[in-house]
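Participant: how does the following fold in three dimensions:
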Amino acid sequence: MGTPISGALHHVEIWVPDLTRAINDWQWLLEDLGYTLHQTWEHGRSWRLGPTYLVFEQSPGLNHLAFHIDTPHHVDLLTSKAQDNGWALLFPDRHPHAGGPQQHAAYLENTDHFEIELIAPLPTETA
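Facilitator: From the prediction side, this is the model:
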């Protein structure tokens, strides 16, 4: 699969008013484009293509955009710059591992309450 380009979309979460309708509208297209079913739960589905996935969850609006970032250091620099530009750091008590211990991520919200996620893989240890 290779390393994703820094700045490429990691995932997009789309909130939909009717999950069944969204599945009917999107599943055929995503599968024809090469996406495969990735996750399923009561109020959502996700499809993956390479390092990018799309989530459809029953709720109003668009949740957030998430971007691949090349290094944890770059995530930290962008986080600092975002805060300098008026963005708020979400989940500061769990930063930079709010998404789990396997990634270094920042969850940020702008003044209009739109969220972005900046995600870098953790370096792998070599034996």
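Participant: tell me which element H104 falls in.
Facilitator: strand 103-109 (DSSP states H and E).
Participant: just the helices from the chain, written as ranges.
Facilitator: Under the criterion DSSP state H, helices of the chain are mapped to 19-32, 72-84.
Participant: which residues in the protein form strands?
Facilitator: For the chain, the strands defined by DSSP state E cover 9-16, 36-41, 44-49, 52-58, 62-68, 88-89, 103-109, 115-121.
Participant: A82: which of those is closest?
Facilitator: Checking the strands of the chain against A82 by C-beta to C-beta gives strand 103-109 as the closest, at 5.0 Å. No exception for glycine: its C-beta is placed from N, CA and C like everyone else's.
Participant: in the sheet, who's paired with the most centrally placed residue in the chain?
Facilitator: Central residue of the chain (C-alpha atoms, centre = their mean): A66, 3.4 Å from the mean position. Taking DSSP bridges as the rule, A66 bridges to H11, E117.
Participant: show the contacting residues for it.
Facilitator: Residues near A66 by C-beta atoms under 8 Å, 6 or more residues apart in numbering: 9-13, 116-119.
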